[in-house]
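In: okay, predicted coordinates and the sequence, questions at the end:
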Amino acid sequence: MIVTFNPMINTGADANAAYMNFLRCVTAACTAAAGTTSLTVNPFTNNTGTIDNTKNCIVSIDANTEAGGWSTSASHNVPNTGSFTAIASAAAYLYKADFYNASGKSGMPYNKMSVHYSGRTTAVWTSYLPSTYAYGHTVASFATTPILEFTSGCSTTSDWTGTSYPPQGGAQYPNSGTQTSSWTLNEFQFNYASSTSRTNITAFWVNNTSVTYKIAVTATYCIIWEVPNGNSYTNGYGNVCGVSGTPTLSNQPNASYGTLIYMGMRETQPWENALSNNPPWVSMQIQHTNLRATPAALAPTGQNQIAAYMITRNNAGVATATPTTYYSTDYMVAASSVLTGERTFLQNTQLITTPATVNTGLDVPLFNSRDVTSLNAPTNLLYLPSTDPTTGSLVPPAHPIMARKTTDGLWSAGGALRGIYKSFSAPIATMKLYFSDGQTFTVGSDTYMPVIFNETMYLVRVA
């Protein structure tokens, strides 16, 4: 199922309405049956229950061969009618879209996925390696920074009550404490030492009228991405997600060409399939930025991160008994991107070479991108066209995005993320030489469509 939606179809709606509209649209897509040709989400315009029945937040259904593949849990409490509490005044995680499906693993029987606001009630600085510090959103800050968060993973229960799945609230930072079988994305607000003047590059600002959204969802993955208004094959894909103007550190939406959220499964090794407690989920966020600054420390990178749940082996080949969530993130204060680095020798080599911070996370870079924060924009064509084996013509390449871990004594070959490939990293004029508007491509036995952020292309499965 692929759906385009706009939670701000009423441009005058408030942030509370936009939040609830977003969750209702995601719910409609995730629970849609195969063959669905019509979905309706009439928008809230405020939190007092006013609904505009003349408009529909669902812009289009772009693919419907497969069902959304998810069920709402007992913790799913997204109102479709009536008034609701303003988010900034609500209890932590009061309103959330909460989904599950069967994992096939008896020790962790449910795959889980949730869209929600921050559950922190106290703003705290916290060490968050490998970034220096991260100052996260709070419930109350939703009134001025209405940011969505995305949690995915696995659980022993189908709802939000599992002990290892829900992110922590209060003064606890997400991805810590008892949250051991899930990962929360899009949680950073400020991330430069102890200075809140250096705000992060915004993603999924829910009442942003400069973007629409697309969701590609099946039982094995959910991919949600921002689409800046005006982007098209004809016009190019270089518009940004914020208001007009020159990007500055206080106007961060202008620094992003768009962010992609991935919550899904990876391919597995045969020995992993025989185990009963290791659903192979992956959580990934990639942001495509144009923010470059001198000195480098003034330019935070995008919110690039990846986490995966896996059992590892030691160098004798013996598997550990308990799966663990392993992750890698970008240094939030450096003017280069580790996760999608564009250099042969990464600027942040201490992530790999310094003994104190030896890379015990997932292998990076995942791929090379032209849309990353750096002092100088890269100019190489980082991913070149491939040859179609049937027609002989040059077409966009399809490179797997791998979640794997090669730490000495603690390794896993992992596997490729399902439903998505990395394709071109090149100027749009060059990309357009090798595909036409609306064209799709066959990779293996599946159909994929191009998804482009400025000069970075992915192939997302059409189903």
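Out: Looks like it came in fine.
In: buried residues in stretch 432-450?
Out: 434-435, 441, 443, 448-450 (16 or more other Cβ atoms under 10 Å). (C-beta placed from N, C-alpha, C; glycine too.)
In: quick one: low-confidence parts of the stretch 151-300 of the chain?
Out: 188-200, 243-253, 291-300 (pLDDT under 70).
In: make a markdown table from the buried residues of stretch 432-450 and add secondary structure, distance to Pro400 and pLDDT to it.
Out: Compiled in a markdown table, these are given as follows (DSSP: H, G, I helix; E, B strand; the rest coil; distance: Cβ to Cβ, whole Å; pLDDT from 0 to 100):
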| residue | secondary structure | distance to Pro400 | pLDDT |
| --- | --- | --- | --- |
| Tyr434 | coil | 19 | 98 |
| Phe435 | coil | 19 | 98 |
| Phe441 | strand | 15 | 97 |
| Val443 | strand | 10 | 97 |
| Tyr448 | strand | 12 | 98 |
| Met449 | strand | 17 | 98 |
| Pro450 | strand | 16 | 98 |
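In: which one among the residues you listed gets closest to Ser369?
Out: Nearest to Ser369 among those is Pro450, at 15.2 Å by Cβ to Cβ.
In: on that earlier part again, of the buried residues of stretch 432-450, closest to Thr54?
Out: Distances from Thr54 to those, taken by Cβ to Cβ, are shortest for Met449, at 30.8 Å.
In: thinking that closest one is in contact with Leu459, fair?
Out: Yes: proximity of Met449 to Leu459 meets the contact threshold set by Cβ atoms under 8 Å, at 7.0 Å.
In: now for those two: what residues contact both?
Out: Contact criterion Cβ atoms under 8 Å, 6 or more residues apart in numbering; residues shared by Met449 and Leu459: Phe441.
In: avg pLDDT for the top helix by length along the chain?
Out: When the chain is parsed with DSSP state H, its longest helix is helix 15-30. Averaged over helix 15-30, pLDDT sits at 98.
In: so which elements touch that helix?
Out: strand 2-5, strand 97-102, strand 110-116, strand 211-218 (3 or more Cβ pairs under 8 Å, 6 or more residues apart in numbering; DSSP states H and E).
In: and the ones you listed: which comes nearest Ser425?
Out: The nearest among the helices and strands packed on helix 15-30, by Cβ to Cβ, is strand 211-218 at 20.5 Å.
In: could you list the paired strands of the closest one along with their orientation?
Out: strand 2-5 (antiparallel), strand 221-228 (antiparallel) (DSSP bridges).
In: thinking again about what came up before, tell me which of the helices and strands packed on helix 15-30 sits most buried.
Out: strand 110-116 (a mean of 26; mean count of other Cβ atoms under 10 Å).
In: please name every helix or strand in contact with that one.
Out: helix 15-30, strand 97-102, strand 149-155.
In: if you set the cut-off to 7 Å instead, what comes out?
Out: strand 97-102, strand 149-155 (3 or more Cβ pairs under 7 Å, 6 or more residues apart in numbering; DSSP states H and E).
In: distance to Glu455 for these - can I get that in TSV?
Out: Converted to TSV, the helices and strands packed on strand 110-116 look like this (distance: least, Cβ to Cβ, whole Å):
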stretch	distance to Glu455
strand 97-102	32
strand 149-155	25
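In: of those, which is nearest Asn208?
Out: Nearest to Asn208, of these and by Cβ to Cβ, is strand 149-155 at 15.4 Å.
In: what packs against the closest one?
Out: So strand 149-155, by 3+ Cβ pairs under 7 Å, 6+ apart, packs with strand 110-116, strand 182-185, strand 256-265, strand 281-289.
In: ok, and the closest non-adjacent residue to Leu394?
Out: Taking Cβ to Cβ, 6 or more residues apart in numbering, and ignoring the residues beside it in sequence, Leu394 has Pro385 as its nearest neighbour in space, at 4.0 Å.
In: measure the one you found to Phe435 for me?
Out: 9 Å (Cβ to Cβ, to the nearest Å).
In: pull up the overlap in contacts between these two.
Out: Contact criterion Cβ atoms under 7 Å, 6 or more residues apart in numbering; residues bridging Pro385 and Phe435 by contacting each: 395-396.
In: one step back: I'd say the residue nearest to Leu394 and Ala398 touch.
Out: No: taking contacts as Cβ atoms under 7 Å, Pro385 lies outside contact range of Ala398: 10.9 Å.
In: report how many residues lie close to the spatially closest residue to Tyr19 that is not a sequence neighbour.
Out: In this structure, Tyr19 finds its nearest non-sequential neighbour in Val206, 5.0 Å apart by Cβ to Cβ, 6+ apart. Applying other Cβ atoms under 10 Å, we find 23 other residues in the vicinity of Val206.
In: you'd agree Val206 is up against Pro146?
Out: Yes: here Val206 lies in contact with Pro146, judged by Cβ under 7 Å, at a distance of 4.7 Å.
In: now the buried residues of stretch 432-450 as a markdown table including distance to Val240?
Out: Shown next, in a markdown table, are those (distance: Cβ to Cβ, whole Å):
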| residue | distance to Val240 |
| --- | --- |
| Tyr434 | 25 |
| Phe435 | 23 |
| Phe441 | 27 |
| Val443 | 30 |
| Tyr448 | 26 |
| Met449 | 22 |
| Pro450 | 19 |
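In: from Pro323, how far out is the residue of the chain most remote from its centre?
Out: Centroid-distance maximum for the chain: Ala316 at 35.1 Å, with Cα atoms, centre = their mean. Distance, Ala316 to Pro323, by Cβ to Cβ: 19 Å.
In: try Ile9
Out: 41 Å.
In: what about these two, which has more around it?
Out: Using other Cβ under 10 Å as the criterion, Ile9 and Pro323 rank with Pro323 on top: 26 against 23.
In: so the more buried one touches Asn278, yeah?
Out: Yes: the criterion here is Cβ under 7 Å, and Pro323 meets it with Asn278 at 4.3 Å.
In: got any residues that touch both of those two?
Out: By Cβ under 7 Å, 6+ apart, the residues touching both Pro323 and Asn278 are 309-311.
In: for the helix or strand harbouring Pro400, packing partners?
Out: For Pro400, the host element (DSSP states H and E) is strand 399-407. Contact here means 3+ Cβ pairs under 7 Å, 6+ apart; on that basis strand 399-407 packs against strand 305-310, strand 410-425.
In: what comes into contact with that strand?
Out: Counting by Cβ under 7 Å, 6+ apart, 266, 282, 306, 308, 310, 312, 326, 359-360, 362-363, 366-367, 383, 411-417, 420-422 sit against strand 399-407.
In: list buried residues within these.
Out: Using 16+ other Cβ under 10 Å, the buried ones in the contacts of strand 399-407 are 266, 282, 306, 308, 310, 312, 326, 359, 362-363, 366-367, 383, 411-412, 414-417, 420-422.
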